[in-house]
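1. based on what follows, work out the 3D shape:
(chains A and B)
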Amino acid sequence: MDSIANDGEPMNRATQPVAVPTAEVQRLATELHVKSGAAQFAVSADDLAVILGEVAQKYLGAASSTQAREFCLSLKIEELVLARACAAGNERAWEVFMARYREKLYEVGLQITREESAGRELSDSLYADLYGTGGRDGVRVSKLASYTGRGSLEGWLRTVMAQEHVNRYRRQKRLVSLDEETEEGTQYAAPTPTPASTVDPRLESATDEALAALSSEERFMLTAYYLDGRTLAEIARIVSVHESTISRKLDKLAKSLRKQILAALGRRGLSRRQAEEAIEVDVRDLTLNLRDRLAQDSPGAAFHKKSVEAPARDGGG
Amino acid sequence: MEKLPNIVRERLKVPAGGDHPDADLLTAFAERALPEPERSRVLTHLSRCADCRDVVALAVPPATDSVSLDTAYPAPWFHWRVLRWGAAVACVVIVGSAVFLKREAMAPKSASIAVVREEQQSEQLAYQHSDRRADVSSTPQMKESIPSAMRAEADKDAGQLRDRALKSALSPKLPAAPQAHPQALSVLDEKKQVVGGALGAGAASGGYVAGMKTRGVVAWDGAPQIIAETKKPAPESRAATDLTVLEKSTETVQLESAAAAPAPSLDNELSADKREAIGKAKAAIGAMQVQGQSESAEVSSNQATHSETVAQKMDRSKLRRSLVSRWTISADGQLQHSIDAGQTWQPVTVAEKASFRALSANGPDIWVGGAAGLLCHSRDSGFTWTQVKPSYAGTNLSADIAAIEFTDILHGKITTANGEVWITDDAGQSWRKQP
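-> Have a look, this model is predicted:
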């Protein structure tokens, strides 16, 4: 089912296994082939059906024809075709891609890194990944092949750049020299034996019980605000709720959590005064083995508030 | 913001299990393109994964449109913030309404006080003039010249006398006119007639005019003679409409004077002095009767009173305008008038795109002239305008009007830029061109 790209090279698909499209998907691909403009990128209707089947299989699994049709119609077909054609090396597709997204990549890089040199470097490295580095047997492997059209191609590029930026930050954080940490005041003490936990387990369970009752959105808002230090405006943009609503909800959540924990502690045999004292105790003052309760390092100050130096090209990507 | 207990912060850090959502899912989440079940799963992961939260925070496009949707947590309408602002708005509305109502209550009083003062002043001036006329017309030789003299005087003091006429009708209970010489009183009445005509169609109703006239004319048994003179053809009177009003009034007056007049035979047998004394007595009795009739007429016609009040208000405004108004033409040919003796000026639209260069104002009688023989006339201080097209012997006035001179409302002269002189003696009804 290979089709010929403009430059004569065989179209290279991603290395994922090719899903056999269902009849419904095949019919839909035929309908959308003209609308998607796939013909100009040497993508046939069959190729499009394969792409759609692959995406549907990834997210829907076993689904009815109606569900598959609705799902496929919700995809960004035109951008999906463009991305897959670029991944296949179609020159015409690359011309269109460069014209549309080259400058936007630089803009996004600057917005993410907040520094021109770092932003340009980030976007250039992503561009290289998108074009496809040399893979096995000279077959080009492009990151664009993983684009599935759930969101816009521009948004996907932004997310990929953000992921790369976060990864770089994490790596750099771990690779910070001891000399720098010493200069910053970090001290390295001998490891101490794990102390016995002094936190009342009833308090932990009462807190877990109260947190479990929260909705995913409520928990997200709490973590984004109290743990990540995000502003109300940033949280509002993410969850598509007005900023004032976020403020009211957070205030209400904090108060209700306190009440629920007190109530749960009361059910566990603590008096009112004991429960309030238990809540007010600062956990950070206690010697507590937090490693078991933390899956990853606390970010401390949000990484976007620290400047990330552009790594050497050899270590990048 | 309410402080979160530390234990809650710590428990929130418990990591999420499962795989991280791929870039497509995070993108779709950031763009609000995910169906609800998927969105909830992504949110659950985000609530437990700091890295993915960081990625999403960076991936969300910068705010270009403000997030105005408030679908998740709408504020209750009875929230204290809403009530607070509502109370503030209510207070502003109440205070504003009270101020507005107070102003409305005060406004009529001040306006009526100002009107009464103006009427009193103008009445005083009219009395002074009537005294002078009484002196002038005391001799029999002056009787014949009264009509023309009265016309001239009426033209000159039209505004002041009209004011007195209005006052007499508006406030019948005001102090009666002082006892003046019968001839002087007749002169005043004659002026009233002319002035009443000058008010035009927009003036008081015929009944009002008749009532006023009747009172004055019956007081002088020589009135029918004067009225007869005013029935002369148009050149010696004002416009045809004015004459119509006069004629109507005249007819009404003649009937009443005939009814009230004593038997001629009896008068002829009495001496002149006695006739004069009887005449005065008749005048007093007749005045009382007529006044009663006019008052009853006014009381019985409630709707007419309302319209009269409106008309009276209009006349009052016109009167005020004529008393204190000034007229001028701006540099660009715009007619302007001032109601505060020239302190401020307002433009007056006579005709669209009309430009004037000559002006003559005689109380409420305004003449303006411009290019190509454009000539406009107003008898009511500029409220309404009539374009006049002078012609003589088949020749129309078409030259640019350079100057307009009216010595009174009847007699005027127009000078054009090319030296032509046009003259009228009948307030513009007819013109002649000077050779």
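
2. which pLDDT value goes with residue 1?
-> Looking at chain A here, since you left the chain open. If you check A:M1, the pLDDT there is 36.

3. chain B is the one I meant
-> 74.

4. show me where pLDDT drops low in the stretch 1-150 of chain A?
-> A:1-21, A:133-140 (pLDDT under 70).

5. and the strands in it?
-> Ranges of strands within the stretch 1-150 of chain A are A:133-134, A:140-141, based on DSSP state E, counting those that start in this stretch.

6. all helices of the stretch 1-150 of chain A, in order?
-> Under the criterion DSSP state H, counting those that start in this stretch, helices of the stretch 1-150 of chain A are mapped to A:23-36, A:45-59, A:65-73, A:77-87, A:91-113, A:116-131.

7. try the stretch 201-317 of chain A
-> So, for the stretch 201-317 of chain A - with DSSP H, counting those that start in this stretch - the helices run A:201-212, A:216-222, A:232-239, A:243-267, A:272-280.

8. export those to JSON lines and tack on mean neighbour count?
-> Using the backbone N, CA and C atoms, a C-beta is placed for each residue, glycine as well. Output for the helices of the stretch 201-317 of chain A, formatted as JSON lines (neighbours: other CB atoms under 10 Å in any protein chain shown):
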{"stretch": "helix A:201-212", "mean neighbour count": "18"}
{"stretch": "helix A:216-222", "mean neighbour count": "21"}
{"stretch": "helix A:232-239", "mean neighbour count": "20"}
{"stretch": "helix A:243-267", "mean neighbour count": "17"}
{"stretch": "helix A:272-280", "mean neighbour count": "14"}
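
9. let's have these in TSV, adding mean pLDDT and distance to A:R102.
-> Formatted as TSV, those follow (pLDDT from 0 to 100; distance: least, CB to CB, whole Å):
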stretch	mean pLDDT	distance to A:R102
helix A:201-212	88	45
helix A:216-222	91	34
helix A:232-239	90	26
helix A:243-267	90	34
helix A:272-280	85	54
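
10. for these, give me a markdown table that also has distance to A:K143.
-> Output for the helices of the stretch 201-317 of chain A, formatted as a markdown table (distance: least, CB to CB, whole Å):
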| stretch | distance to A:K143 |
| --- | --- |
| helix A:201-212 | 37 |
| helix A:216-222 | 28 |
| helix A:232-239 | 24 |
| helix A:243-267 | 34 |
| helix A:272-280 | 48 |
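
11. picking up where we left off before, among the helices of the stretch 1-150 of chain A, which is nearest chain B?
-> helix A:91-113 (5.2 Å; CB to the nearest CB).

12. can you tell me the SS state at B:G428?
-> The three-state label given to B:G428 by DSSP: H, G, I helix; E, B strand; the rest coil is coil.

13. per-residue confidence at it?
-> 92.

14. got phi/psi on the residue of chain A most remote from its centre?
-> Distance from the C-alpha centroid of chain A, by CA atoms, centre = their mean, peaks at A:S271 (44.0 Å). Per-residue torsions, A:S271: phi -80, psi 170 (degrees, to the nearest 10).

15. now B:R357
-> The phi/psi pair for B:R357 (degrees, to the nearest 10) is phi -130, psi -10.

16. nearest spatial neighbour of it, skipping sequence neighbours?
-> B:G370 (5.7 Å; CB to CB, 6 or more residues apart in numbering or on different chains).

17. and the gap between the nearest residue to A:V239 once chain neighbours are set aside and A:D129?
-> Of all residues not flanking A:V239 in the chain, A:E217 sits nearest, at 6.1 Å (CB to CB, 6+ apart). Here A:E217 is placed at a distance of 33 Å from A:D129 (CB to CB, to the nearest Å).

18. mind giving me the domain split of the chain?
-> Answering for chain A, as no chain was given. Domain segmentation of chain A under automatic domain parsing yields A:94-170, A:201-283.

19. chain B is the one I meant
-> B:6-59, B:118-321, B:326-434.

20. for those domains, which has the smallest mean pLDDT value?
-> domain B:118-321 (a mean of 49).

21. residues near A:R69, how many?
-> A count of nearby residues for A:R69, using other CB atoms under 10 Å in any protein chain shown, gives 18.

22. can you give me the end-to-end span of stretch B:325-344?
-> 10 Å (CA to CA, to the nearest Å).

23. can you add distance to A:L80 and give the domains of chain A back as TSV?
-> Formatted as TSV, these follow (distance: least, CB to CB, whole Å):
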stretch	distance to A:L80
domain A:94-170	4
domain A:201-283	24
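
24. now stretch B:372-386: buried residues?
-> B:373-382, B:385 (16 or more other CB atoms under 10 Å in any protein chain shown).

25. enumerate every residue touching the nearest residue to A:I238 once chain neighbours are set aside.
-> Spatial nearest neighbour of A:I238, chain neighbours left out: B:V60 (5.6 Å); criterion: CB to CB, 6+ apart. Listed by CB atoms under 8 Å, 6 or more residues apart in numbering or on different chains, the contact partners of B:V60 are A:234, A:237-238, B:30.

26. of these, closest to B:H337?
-> Closest approach between the contacts of B:V60 and B:H337, by CB to CB: A:R237, at 63.1 Å.

27. near chain B, anything from stretch A:71-78?
-> Yes - judged by CB under 8 Å from any CB of the partner chain, stretch A:71-78 and chain B are in contact via A:S74.

28. contacts for that stretch?
-> Contacts for stretch A:71-78 (CB under 8 Å, 6+ apart): A:25, A:28, A:32, A:35-37, A:48, A:52, A:55-56, A:59-60, A:63, A:148-153, B:33.

29. any of the residues you listed buried? List them.
-> A:25, A:28, A:32, A:36, A:48, A:52, A:55-56, A:59, A:63, A:148-153, B:33.

30. for the residue nearest to B:R357, give me its contacts.
-> So B:G370 contacts B:333, B:354-358, B:400-401 (CB under 8 Å, 6+ apart).

31. before we move on, which element is the residue of chain B found nearest chain A in?
-> As assessed by CB to the nearest CB, chain A sits closest to B:P15 within chain B, at 2.6 Å. Using DSSP states H and E, B:P15 maps to neither a helix nor a strand.

32. so it makes contact with B:S47?
-> No - using CB atoms under 8 Å, B:P15 is not in contact with B:S47, being 10.7 Å away.

33. about what we covered before: in TSV: the helices of the stretch 1-150 of chain A, plus distance to B:D54.
-> TSV is the format used below for the helices of the stretch 1-150 of chain A (distance: least, CB to CB, whole Å):
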stretch	distance to B:D54
helix A:23-36	34
helix A:45-59	24
helix A:65-73	29
helix A:77-87	25
helix A:91-113	10
helix A:116-131	15
